[in-house]
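# Just the structure for this:
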Amino acid sequence: MFGVDQQRGRLFYRSVGLRGGWNPAAPLRSLSEGESPYTYGLLTRTGHLVPAKAAKTEAFSLGEPILAGVLFPGTVSYLVLLGTTRCWAKGLIAPVEKTPTPPFTETSNPLWHGCAMMSSMTNVVVVNNSGVDKPHYWDGGSGKFVTLADAPKAKSVLGWLGRLFCGGVYDSENEVWFLNRLQWSEEGDITSWPLTGTSGFEDLADEGDLIQRLSRSQGNYLRVLRNASAWAALPTTDPYSPFTLEYIGNRGILAPNSLQRLTKDTDIFLGADDIYMLGATLEPVGWKIRRELFGRADGTRLQYAWSFVDPLSSEYYLVVDLKDGTRRAYILNWQELTWMQQDLTGYTCLLSWYEDA
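Numbers count the residues shown, from 1 in each chain. So this is what the prediction gives:
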């Protein structure tokens, strides 16, 4: 479990064992630096960390606030750490810088996200700052991240059906955003975007309804979350027309980085008027806290809310900036449908990661 503060990217992780389940009154001592080699833990509802294996406290100064992370699975797993203009890969040793040349464009709210997938028979991880730059990818090797030069700038990216899909894309030739467009690479090669063969695009109905995020279910269909609606893309057997679209409902996603996967076919996100769980149906679940949340939140910052999932305790953290300048997590236990709160002022992201000891 990593926490990242705002003091120039100080990355740290620590583990605290708890007696008596979730009782915060009786924590065991924190394990000291160098006591054992690896971290393997999750944030609990009390703000402590529960180690599942050995634990270690460790800190690195990375020079930039860390705003997000993406897991790169493989023979050696890495956690890709994303700052404002730079990025690092954290394996079993200290983070190694993987910033592309030129570096990412600096912006106050990059809304980082990414995905791991296969391309040309190789594991890759793709990262995207919501259209500020083109997507970039890394193959887990000694090199840096590389720009997907032929891909469009996009609000969202996701790997599906052996292709990289982009939602809400910029047409550089005509210098215009097609916010309702889905565009995809050739099958098996995320670097190839000829818009012929197995590569192509489709414009969804209502050009003003921005595609905010893409999500893939375990049932192998793609969810297209827009400002004011949700859609499902269902796979076909035709490689040249790889999906058909079905309408889900008239509620969309307000904060792209509020999206999290809870179970294999259930997502959760912040909408314009509630928090929604999207499974077989689209259901509001924020009735206990939505009045307080929307009343206390800084309305100019609500679209930049971010999130974290603790699967060990079935908890979803929705982190928002408040009008008083603090930062607060609204925490849903999705099994019990109960809400709690925790102050997270000073934190820029929460990440869980499992290492092999």
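
# Give the closest residue to Gly83 in space, chain neighbours not counted.
Excluding its sequence neighbours, the residue lying closest to Gly83 (CB to CB, 6 or more residues apart in numbering) is Glu64, at 3.4 Å. Where you see a C-beta, it was placed from the backbone N, CA and C, and this is true even at glycine.

# mind checking pLDDT for that neighbour?
Looking at Glu64, its pLDDT stands at 81.

# That one in helix, strand or coil?
At Glu64, secondary structure determined by DSSP: H, G, I helix; E, B strand; the rest coil is coil.

# Please point out which parts of the host helix or strand of Phe201 sit buried.
Here Phe201, judged by DSSP states H and E, is contained in strand 200-203. Under the neighbour-count criterion of 16 or more other CB atoms under 10 Å, strand 200-203 has Gly200, Phe201 buried.

# Tell me which helix or strand comes right after that strand.
Per DSSP H and E, the first helix or strand lying C-terminal to strand 200-203 is strand 211-216.

# So which other helices or strands are in contact with that following strand?
Applying 3 or more CB pairs under 8 Å, 6 or more residues apart in numbering; DSSP states H and E, we find strand 211-216 packed against strand 154-160, strand 163-171, strand 176-184, strand 222-226.

# Please identify which of these is closest to Thr348.
strand 154-160 (20.7 Å; CB to CB).

# State the number of residues packed around Leu332.
24 (other CB atoms under 10 Å).

# Quick check: Ser217 touching Arg223?
Yes - taking CB atoms under 8 Å as the definition, Ser217 is a contact partner of Arg223 at 6.5 Å.

# what's the offset of the strand holding Phe201 from the middle of its chain?
24 Å (CA atoms, centre = their mean, to the nearest Å).

# quick one: strands adjacent to that strand?
When pairing is defined by DSSP bridges, strand 200-203 lines up against strand 176-184 (antiparallel).

# So what's the gap between the partner strand and the chain middle?
20 Å.

# Dump the C-alpha coordinates for that strand into PDB.
Only the C-alpha atoms of strand 176-184 are listed here, as PDB (Å, rounded to 0.1, in the frame of the first residue of the first chain):
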ATOM      1  CA  VAL A 176     -11.300  19.400 -33.900                       C
ATOM      2  CA  TRP A 177     -12.400  17.200 -31.000                       C
ATOM      3  CA  PHE A 178     -14.900  14.400 -31.700                       C
ATOM      4  CA  LEU A 179     -16.000  13.900 -28.100                       C
ATOM      5  CA  ASN A 180     -18.500  11.200 -29.000                       C
ATOM      6  CA  ARG A 181     -16.000   9.100 -31.100                       C
ATOM      7  CA  LEU A 182     -14.700   5.700 -30.400                       C
ATOM      8  CA  GLN A 183     -11.500   4.900 -32.400                       C
ATOM      9  CA  TRP A 184      -9.400   1.800 -32.200                       C
END
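
# That strand versus strand 211-216: what angle between them?
Angle of strand 176-184 versus strand 211-216, following axes from the mean of the first three to the mean of the last three CA atoms, to 10 degrees, is 10 degrees.

# Flag every buried residue along strand 176-184.
So, applying 16+ other CB under 10 Å, buried residues of strand 176-184: Trp177, Phe178, Leu179, Asn180, Arg181, Leu182, Gln183, Trp184.

# Repeat that for stretch 201-211.
In stretch 201-211, counting by 16+ other CB under 10 Å, buried: Phe201, Leu204, Asp209, Leu210, Ile211.
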